[in-house]
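1. This is a predicted model, with the sequence first.
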Amino acid sequence: MQSSVNSTELILYITLSVMPFHLFAYIPFWNHLRFPKKQTMCILMAEQLIFTGIMLIFCHSGVSIAAAQVTAVPLYGGMFFFLVRMEIRKIAFLYIFTTDYMMIVKGAAHYISSFLLKYPDYSFQSGIVILVIFLATMPAMIHYIHSTARIVFEIDAPQIWKTVWLLPLFNSIIVLLYTYPLEQSNIKALLSRILLMICMFLVYHFLVRSIQQAQKQAMTEEHSRSVEYLLELQTQQYDMLKLRMEETRRARHDMRHHWNVLKAYADSGDFDALSAYIRKYVEGIPQEISSQFCSNIAVNAILCFYAQKAAEQQIELNICFPVKEKICIPEPELCVLLGNLLENALDACSACDGKRYIDVNARQKGESQLILTVDNTSQKPVIKEGNAFYSSKRPDFGLDTDSVRAVARRYHGDARFEWKDGIFYASIMLYANND
């Protein structure tokens, strides 16, 4: 039947049978595009024209329409992966669903138009049938893909996404091999595609929810480790407080002896010795550490703790943390995040020679946004797969940038890390989680 299809009919068929599904694939990613929406729409229009031109060239060269579609379709997929800005395996996971949706609709439309209505293959009428079925099923599909995509976007499990998308891919390839091209298909091919869609619904449902449950369990374990870490910090703070109390008691006890020495120098008129003694005494007094860096008590305790540790190691610590008492994320999360950054900054500075410093800055916008930066001197850190920096000294609570980025994403923000010319830069942006 292909010879009876003219160029105009073919153009209309391609537009009606392919473009709606391609636009449908962008729906869950509409807020994750690489370019502005208007610019993206112009690119998609140009892409459709190029795709149609390729199809016409192939078909007028004697290539069957089915073969031409298989040859030219990668243009759509390649452009889709380019225009969407997200982890590529998540894109593939959802894009395969759209491909399966198109396969089942085209299978049903072919059976209705060819076997029931006796329309020619790849004609304008068969394109209309595809569009009608698409419009009839689109509301349910949009609801389903939105709910599935929301879970997929929330799941942060790179190791799982490396392989999980292959399951629907191979399943789809097997069905496609046995049911393509459509003009050679029958009721068995249609049933195969219907069963494919049912199978894909089940696969996507159980996969994403199983991964979601696994991540929730991991988050619970991470919370338990965070509580343990805070308890460890509190224990160290308590030990440090006891040490300061002991030093204060000892200083009060020794003060009587200092007064006796000063009185003896004054009575003898040896003012040079008196001045030298006072100078040495002042030099021996521990450096005063500020006890108020921000209004939030819990965060301030973390800052004071690490300020004391930095002073003991003679590391310059500059803190500008004008954060309000109420912050946009839970205190335990921020304390652990800040503690991790400062702990690793201290570790990095300890391994450096020469001038060593840590700059900590925070900026809070209302109760909805918090920006945190920690810059410190550092030797070149160990780099893991994916350009992630990692501290080998504390593998459990070290600066695993994947973990920090996961926290940032959980609060709709971002985390960026860079090492340059002996300085390690960490920048984290967090937003209030109102979900």
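-> The structure has been received and is ready for your questions.

2. can you give me the helices in the stretch 101-250 of the chain?
-> Counting by DSSP state H, counting those that start in this stretch, the stretch 101-250 of the chain forms helices over residues 124-154, 158-164, 166-179, 187-268, given from the N-terminal end onward.

3. Surely Lys324 forms part of a strand?
-> No - according to DSSP: H, G, I helix; E, B strand; the rest coil, Lys324 belongs to no strand; its state is coil.

4. Does it touch Gln364 like I think?
-> Yes - under the criterion of C-beta atoms under 8 Å, Lys324 makes contact with Gln364 at 5.9 Å. (Each C-beta comes from the backbone N, C-alpha and C, glycine too.)

5. Any chance of the helices of the stretch 101-250 of the chain in a markdown table with mean pLDDT as columns?
-> Formatted as a markdown table, those follow (pLDDT from 0 to 100):
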| stretch | mean pLDDT |
| --- | --- |
| helix 124-154 | 88 |
| helix 158-164 | 77 |
| helix 166-179 | 79 |
| helix 187-268 | 71 |
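
6. picking up where we left off before, who has more neighbours, Lys324 and Gln364?
-> In this comparison of Lys324 against Gln364, neighbours counted by other C-beta atoms under 10 Å, the higher total goes to Gln364 at 21 against 13.

7. give me every residue that touches that one.
-> Listed by C-beta atoms under 8 Å, 6 or more residues apart in numbering, the contact partners of Gln364 are Pro322, Val323, Lys324, Ile327, Cys328, Leu370, Ile371.

8. rerun that using 10 Å as the cut-off
-> Contacts for Gln364 were tallied using C-beta atoms under 10 Å, 6 or more residues apart in numbering; they are 294-296, 321-324, 326-328, 370-372, 430.

9. Just send those residues back as TSV, with distance to Gly269 too.
-> Rendered in TSV, the data for the contacts of Gln364 read as follows (distance: C-beta to C-beta, whole Å):
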residue	distance to Gly269
Cys294	51
Ser295	52
Asn296	54
Phe321	51
Pro322	52
Val323	55
Lys324	57
Lys326	61
Ile327	60
Cys328	65
Leu370	61
Ile371	61
Leu372	58
Leu430	65
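
10. Which ones among those lie within strands?
-> Within these, membership in strands is found for Leu370, Ile371, Leu372, Leu430, as judged by DSSP state E.

11. Would you list the buried entries among these?
-> Leu370, Leu372, Leu430 (16 or more other C-beta atoms under 10 Å).

12. what's the closest of these to Phe424?
-> Nearest to Phe424 among these, counting by C-beta to C-beta, is Leu372 at 14.3 Å.

13. Give the burial count for the nearest residue to the closest one once chain neighbours are set aside, as a bare number.
-> The shortest distance from Leu372 to any non-neighbouring residue, by C-beta to C-beta, 6 or more residues apart in numbering, is to Ile428 (4.6 Å). Number of residues near Ile428 (other C-beta under 10 Å) recorded here: 24.

14. SS state for Ile428?
-> Using three-state DSSP, the three-state assignment for Ile428 comes out as strand.

15. Next: Phe35.
-> coil.

16. Could you measure from it over to Ala46?
-> Phe35 sits 13 Å away from Ala46, taking C-beta to C-beta, to the nearest Å as the criterion.

17. hmm, back to that, shouldn't the residue nearest to Leu372 be in contact with Gln369?
-> No - the pair Ile428 / Gln369 is not scored as a contact, 11.4 Å apart, by C-beta atoms under 10 Å.

18. so what's in contact with the two at the same time?
-> Shared contacts of Ile428 and Gln369, defined by C-beta under 10 Å, 6+ apart, are found at Tyr411, Gly413.

19. Need the worst-confidence member of the contacts of Gln364.
-> pLDDT across the contacts of Gln364 is at its lowest for Lys324, which sits at 75.

20. strand partners of the host helix or strand of Trp419, parallel vs antiparallel please.
-> For Trp419, the element it lies in under DSSP states H and E is strand 414-420. On the basis of DSSP bridges, the sheet neighbours of strand 414-420 come out as strand 423-431 (antiparallel).

21. just how off-centre is the strand it pairs with within its chain?
-> What separates the centre of strand 423-431 from the centre of its chain is 14 Å, taken as C-alpha atoms, centre = their mean, to the nearest Å.

22. Fine by me, we can end here.
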